[in-house]
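**Q** Provided below for reference: sequence and predicted model.
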Amino acid sequence: MARIHPSAIVDTGAELAADVEVGPYAVIGPQVVLGEGTSVGPHAVIEGPTRMGRNNRIHAHATLGGAPQDKKYRGEPTRLEIGDGNTFRECVTVNRGTVQDGGITRIGHDNWVMAYVHIAHDCQVGDHTILANTTNLAGHVQIGDWVILGGCSQVHQFCKIGAHAMTGVSTVVLHDIPPFVMASGNSAQAHGMNTEGLRRRGFSAPSLAALRQAYKTLYRSGLTLQQAREALSEQMHALQAIEAAQAGASSLSPEALAGLDPAQAVGVLVEFLARVERGIVR
């Protein structure tokens, strides 16, 4: 049976796995589902509809699943969905979605959400991200896998931040940040690639070289965004052709094909740029 402190309030309509821990004065409302291995700290509040996976850690005074801070919200049954292995530190707030979007705020797996972070309605957060203290995501923001947002980063509504991107402290994001890019400032500007982070995550030397060339095409060639998209697409296809030829060469060792595919890495950038609506940081 779940271990619930006597001072906690757990609605009879909540579903808690057998080993869930609930600390003093925590409040868990109806239509909340908490998976195995999850712990809820003192004074934390979880409102529903909220569904949470396994092994999540909710620290003191965090509030998850609250109604969206949107004047258009009229009590519609929107929800919050959270995956496995996430940590929500003190005073984090995460709101449910709105019917003006998909009705869901969604957070993936193994994210590290530090103190006083706010994740607004309809945000979509991937896996393995780090959101440092007092970072704020406005409504409808999309955050890719492995993104790191420096402390006090502020992200405007509807912005997208691509996988493996990184922001510096107090960055104000008004436009999309492409994958792999480091950005900082008010408002944010691009300052190179997140090379060290990519190395740590196993990106191969050929992939890093391909991404450096892609960055030069996007930021240092003087091309418009549309022209850069076309040039990057050509680079991706050229890499695919080279890799296909290498794969067919009998002299190529298996070790030479290990690691991440350069064409796929550039393809992540191409796919992201095809979805840009607010422009990108420059």
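**A** Ah, there it is. Note that this is a predicted model, so its numbers are computed, not measured.
**Q** now Gly48: how far from Gly66?
**A** In this structure, Gly48 lies at 10 Å from Gly66, with C-beta to C-beta, to the nearest Å as the measure. Glycine gets a C-beta too; all of them are placed from N, C-alpha and C.
**Q** sorry, wrong one. I was asking about Asp176.
**A** Taking C-beta to C-beta as the criterion, Asp176 is separated from Gly66 by 27 Å.
**Q** who has more neighbours, the two?
**A** Set side by side, Asp176 and Gly66 show unequal neighbour counts under other C-beta atoms under 10 Å, the larger going to Asp176 at 24 against 17.
**Q** what's near enough to touch that one?
**A** 159-162, 272, 276-281 (C-beta atoms under 8 Å, 6 or more residues apart in numbering).
**Q** nearest to Ile58, of those residues?
**A** Ranking the contacts of Asp176 by separation from Ile58, with C-beta to C-beta as the measure, puts Ile161 on top at 24.0 Å.
**Q** what sits against that closest one?
**A** Under the criterion of C-beta under 8 Å, 6+ apart, the neighbours of Ile161 are 141-144, 147, 149, 155, 167, 173, 176-177.
**Q** and it, what's its pLDDT?
**A** In this prediction, Ile161 carries a pLDDT score of 98.
**Q** got it, and the one 5 residues further on?
**A** The predicted local confidence for Met166 comes out at a pLDDT of 98.
**Q** if I look at it, how far off is Ser184?
**A** Relative to Ser184, Met166 is positioned 9 Å away (C-beta to C-beta).
**Q** name the residues contacting each of the two.
**A** Once C-beta under 8 Å, 6+ apart is applied, the residues that Met166 and Ser184 both contact turn out to be Gly150.
**Q** which one's more surrounded, these two?
**A** More neighbours surround Met166 than the other of Met166 and Ser184, with 24 against 19 (other C-beta under 10 Å).
**Q** who touches that one in this structure?
**A** Shown in contact with Met166 (C-beta under 8 Å, 6+ apart): 147-150, 181-183, 194, 197.
**Q** Ala62 versus that one, what's the distance?
**A** Taken as C-beta to C-beta, the span from Met166 to Ala62 is 24 Å.
**Q** ok, Gly85 next?
**A** Distance from Gly85 to Ala62, by C-beta to C-beta: 16 Å.
**Q** which of the contacts of Asp176 fall in strands?
**A** Judged by DSSP state E, the subset of the contacts of Asp176 located in strands is 160-161.
**Q** list buried residues within the contacts of Asp176.
**A** In terms of neighbour count (16 or more other C-beta atoms under 10 Å), the buried residues within the contacts of Asp176 are 159-162, 272, 280-281.
**Q** how about those in CSV, adding distance to Arg54?
**A** Conversion of the buried ones among the contacts of Asp176 to CSV gives the following (distance: C-beta to C-beta, whole Å):
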residue, distance to Arg54
Cys159, 30
Lys160, 28
Ile161, 26
Gly162, 28
Phe272, 30
Ile280, 36
Val281, 36
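**Q** quick one: which of those is nearest to Ala18?
**A** When those are ranked by distance to Ala18 (C-beta to C-beta), Ile161 comes first, at 37.3 Å.
**Q** show me what contacts the spatially closest residue to that closest one that is not a sequence neighbour?
**A** What sits nearest to Ile161 in space, not counting adjacent residues and going by C-beta to C-beta, 6 or more residues apart in numbering, is Ile177, at 4.6 Å. Neighbouring residues of Ile177 by C-beta under 8 Å, 6+ apart: 159-162, 165, 167, 183, 188, 190, 280-281.
**Q** repeat that for 7 Å
**A** By C-beta atoms under 7 Å, 6 or more residues apart in numbering, Ile177 lies in contact with 161-162, 165, 183, 188, 281.
**Q** so, low pLDDT: which residues of the protein?
**A** The chain contains residues with pLDDT under 70 at 1, 248-260.
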